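Participant: give the three-dimensional model of this entry:
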Amino acid sequence: MRLTTAQALVRWLTAQRTELADGAEAPLFPAVFAIFGHGNVLGLGNALEESDLPVWRGHSEQGMALAAVGIGKATHRRQVGVATSSIGPGALNMVTAAGVAHANRLPLLLLPGDTFASRAPDPVLQQVERFDDAAATANDAFRPVSRWFDRLTRPEQLLATLPHVARVLTDPADCGPVTLALPQDVQAEAFDFPDSLFAPVVHRPLRTRPDTRALAGAADALRAARRPLLVLGGGVRYSRAAGRAIRFAERHAVPVVETTAGRTCVPHDHPLHAGPLGITGSASANALAAEADVVLAVGTRLQDFTTCSWTVFTPGVRVVSLNAARFDAVKHGALELVADADEGLRELTDAMGDWRADEVWAARAAHERLKWDAYVDTLRAPTDVPTNSPADAPADMPTYAQVVGVVNELSEPADYVLTASGGLPGELVGGWRAVGEATMDVEYGFSCMGYELAGAWGAAIARSDGAVTTLLGDGSYLMLNSELFSAAFAGHGFVAVVCDNDGYAVIHRLQTGHGGAGFNNLYDDVATRHANPPRADLAAHAAALGCATFRATGLADLERAYRDARRVALTEHRPAVVVVRTDPARWTEAGAWWEVGVPEVAHRPGITAAHDEARAGKVKQIRYL
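Facilitator: Model (predicted):
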C-alpha cells in the first residue's frame, strides 16, 4: 500500500484497539490534539484530515499535551492521548507534558514536527542549530523525558519503531511517554507499506506472574510480621486490582493505606482502611506506618511525599515491594516481587494460606481513621475568619478543606475529581472521602501547575459517566488557562473550582514556615510600582473564554454555586468555573516531616533555627545500603 509516512502512521494509529476494564474494546488512541504549523500541517495534518481519528485543536501546545496525559489517567492507562505540534517552540512547549507523563508512568504519544532530514534548506524557520552536533534538533530535549524516542529519517523506519511504540504505551512496567520526531520532508515521502502493518490489533494488559522463589520469600516475610501494613499505589488502580487488594487485606487482617496515585482504591469507611499515607496524607495512616514491622507496598515507587522523606516508617522495617516494574521493586533495599498487582496479590494470598495478623493490630486502622475523620470534620465545619485575612475578605471566607468538603458531599459515585499543584493536593489527598473506585487524579509526581484545567479537559473527553471536577488555585489558573477555551469550543463540560488566595500561598507557607520572610509569593510581597495594583477578575476572564461562571462570595454561597456549575457542565457541555476567595493561611496538617533544602547560613535567625530542625529530622531518615 503506497502511503506517505504520515498517512501510514495515522492508518496504524486507527488500527490499534484496546481492551477496557469491563472487557469491551475501544480505540487505543481516542483523540489527537493538534496545533498545526509549517512542520506538521502538510504531512501529518493532511493525513489526519483524511482519517476518522477525532482531532481537537488546542490553544497551547503544553495544555493540549497535558490534556492527552489526562486521557491516559482517566482511562487507567487503557487509552492513550496523542499530541502533535510544529517544530521549534511548538515542540518544546510539549516537553513539560512529557515530564508529567514520565514521572507518573502514564502513556502519551507526542508527534512533534522536525527539521528536514535532507538538510537541504537548512537552517529553516524555528530550527535550533547546535554548533557541535549537526544531527541534533530542538526535539532532542524530549530524550530525558521519553520512555521511547525516535527520529524517523526514512519512511520504512516506521516498520521497526511502531512495535516499540505500542510496547511502551501498553506495558505496565515500561509505560510512559513516546516521542516520534517527524522531519517534515519525511512526513511527505511515500513507501510501499505492507498491508499487515494496518491489521487491527487489540492490546490487552500484560499480567506478569511472580517468580515462585520470590513469592515464597515474600510470603515468609509477611507471615513473620507482627504488625504488617498494606500500601496501595497507582499500580493497583491500573491493574484494576482494588478488589483483590481488599480481599487480601480481609483474609489476612492487614490494615490498608493508600498513596497519592492509589487514592480512592478503598472505600473510605472500610474497617481496615487507615487512610492516605504521607505528608499530604493522614495522621491515621502515618501512625500505623510508624509501628509497622513489615510493609507490603503494591504498585508504588514510594515517593518522598508518601514516605515523608523516608521518616514515616520505623527503623528496621522490612519492605516487600510488589511491582510490575523491577526498577521500582528493588528500591530502598526492598524484597522484590515483580508481578502484576492483581496476579501478584492473588498468588501471594494463596501462598500465605490462612495466616492472619493480630486482630488488635487490624482494629487500629478504623480506630485511627475515625480520629482523623473527626479532625477533618472540624476543618470542614464553618469557622470565623482569622484576623490576618485580607481586609476585603467575605465574612465566611472558606478554607481549602471546606471547599473540598462541599465538593465531596455533593459528589456521586461516577464523578471524577482532580488537582495537581499548590496546597490542594494536601487537602484532596488527606481530606477526600471516596465515593467511587479510582475516581481521583492528583498529579503529584511532577506537580505541574496548569495540569488542573488541561487534564480536566482530557478527562472530560475520556469519561462518559459522571461529572469531572478540578480544583485549583489562582496561581495555576493564571499560569495555563487557554484550554478552557479549547474545551468550551469543542463542547466538553467539566467543573473548575478556582480557589483565589492571592498568589502562591502554599509556597509562601513553605517559605515563612522555615524562617524566611514572605517574598514574591503572595501579592502583598510581590514587587509593583502601583499603590493599588490590579487584581485579575478570574470569573470575567473565564466567561470571556466561553465558560459558564459562578462567583461564590463565601462558604454559604459555595454549595449553590457548585450545584449550578455541575448541572451546566453536564447539560450544556462546556466548562463551568466557580471562583471563590479562600483563606491563604489555614491548612490540613498530617503531622509529617519533609526534607527541603534549608540554608545552613542565613541572615535571619528563623532560617538558622529551621536548619537545625531539618538536621534533627534527617536523623530519623531510614537509609538503605
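
Participant: the spatially most central residue of the chain - nearest residue in space that isn't next to it in sequence?
Facilitator: Taking CA atoms, centre = their mean as the criterion, residue 443 is the residue nearest the geometric centre of the chain, at 2.5 Å. Excluding the flanking residues, the one nearest residue 443 by CB to CB, 6 or more residues apart in numbering is residue 420, at 3.9 Å. (Each C-beta comes from the backbone N, C-alpha and C, glycine too.)

Participant: let me see the contact set for the one you found.
Facilitator: Counting by CB atoms under 8 Å, 6 or more residues apart in numbering, residue 420 makes contact with 442-444, 447-452, 455, 472, 476.

Participant: what are the ranges of the strands in the stretch 451-600 of the chain?
Facilitator: When assigned using DSSP state E, counting those that start in this stretch, the strands of the stretch 451-600 of the chain occupy the ranges 468-473, 495-500, 548-552, 576-581.

Participant: buried sites along the shortest one?
Facilitator: Which is strand 548-552. Using 16 or more other CB atoms under 10 Å as the test for burial, strand 548-552 gives 548-550, 552.

Participant: residues in contact with it?
Facilitator: Counting by CB under 8 Å, 6+ apart, 539-540, 542-543, 557-558, 560-562, 564-565, 568-569, 572, 574-580 sit against strand 548-552.

Participant: just the buried ones from the residues you listed?
Facilitator: In the contacts of strand 548-552, the ones that pass as buried (16+ other CB under 10 Å) are 539, 542, 557-558, 561-562, 565, 568-569, 574-580.

Participant: lowest-confidence entry in these?
Facilitator: Lowest pLDDT of those: residue 557, 92.

Participant: can you list the domains in this protein?
Facilitator: 2-203, 212-373, 381-581 (automatic domain parsing).

Participant: how long is the longest one end to end?
Facilitator: Distance across domain 2-203, first residue to last, is 26 Å (CA to CA, to the nearest Å).

Participant: still on that earlier bit, list just the nearest of the contacts of residue 420 to residue 303.
Facilitator: residue 444 (8.0 Å; CB to CB).

Participant: what residues are up against the closest one?
Facilitator: When contacts are counted by CB under 8 Å, 6+ apart, residue 444 touches 260-261, 280, 303, 305, 420, 425, 429.

Participant: ranges for the helices of the stretch 451-600 of the chain?
Facilitator: 451-462, 474-479, 482-490, 505-513, 538-544, 555-571 (DSSP state H, counting those that start in this stretch).

Participant: residue 585 is nearest to which of the ones you listed?
Facilitator: Of those, nearest to residue 585 by CB to CB is helix 505-513, at 7.5 Å.

Participant: that closest one to strand 495-500, inter-axis angle?
Facilitator: Orientation note: helix 505-513 sits at an angle of 30 degrees relative to strand 495-500 (axes from the mean of the first three to the mean of the last three CA atoms, to 10 degrees).

Participant: mind listing what's buried in helix 505-513?
Facilitator: 505-509, 511-512.

Participant: let me have the residues you listed in a markdown table, extended by distance to residue 349.
Facilitator: Converted to a markdown table, the buried residues of helix 505-513 look like this (distance: CB to CB, whole Å):
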| residue | distance to residue 349 |
| --- | --- |
| 505 | 45 |
| 506 | 40 |
| 507 | 44 |
| 508 | 47 |
| 509 | 43 |
| 511 | 47 |
| 512 | 48 |
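
Participant: which among those residues gets closest to residue 351?
Facilitator: residue 506 (43.7 Å).

Participant: grab the nearest non-local neighbour of that closest one.
Facilitator: Nearest residue to residue 506, sequence neighbours excluded (CB to CB, 6+ apart): residue 423, at 3.7 Å.

Participant: from residue 282, how far off is that neighbour?
Facilitator: Going from residue 423 to residue 282 by CB to CB, to the nearest Å gives 16 Å.

Participant: spit out the contact partners of the residue nearest to the centre of the chain.
Facilitator: With contact taken as CB under 8 Å, 6+ apart, residue 443 is in contact with 73, 100, 104, 418-421, 451, 455.

Participant: lowest-confidence entry in those residues?
Facilitator: Out of these, that is residue 421, at 92.

Participant: next, the contact list for residue 71, please.
Facilitator: 30-31, 79-81, 458-459, 461-462.

Participant: okay, these in a markdown table with neighbour count, pLDDT and distance to residue 369 next?
Facilitator: Shown next, in a markdown table, are these (neighbours: other CB atoms under 10 Å; pLDDT from 0 to 100; distance: CB to CB, whole Å):
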| residue | neighbour count | pLDDT | distance to residue 369 |
| --- | --- | --- | --- |
| 30 | 19 | 98 | 37 |
| 31 | 23 | 98 | 39 |
| 79 | 22 | 98 | 34 |
| 80 | 31 | 98 | 36 |
| 81 | 32 | 98 | 36 |
| 458 | 35 | 98 | 32 |
| 459 | 24 | 98 | 28 |
| 461 | 26 | 98 | 35 |
| 462 | 23 | 97 | 31 |
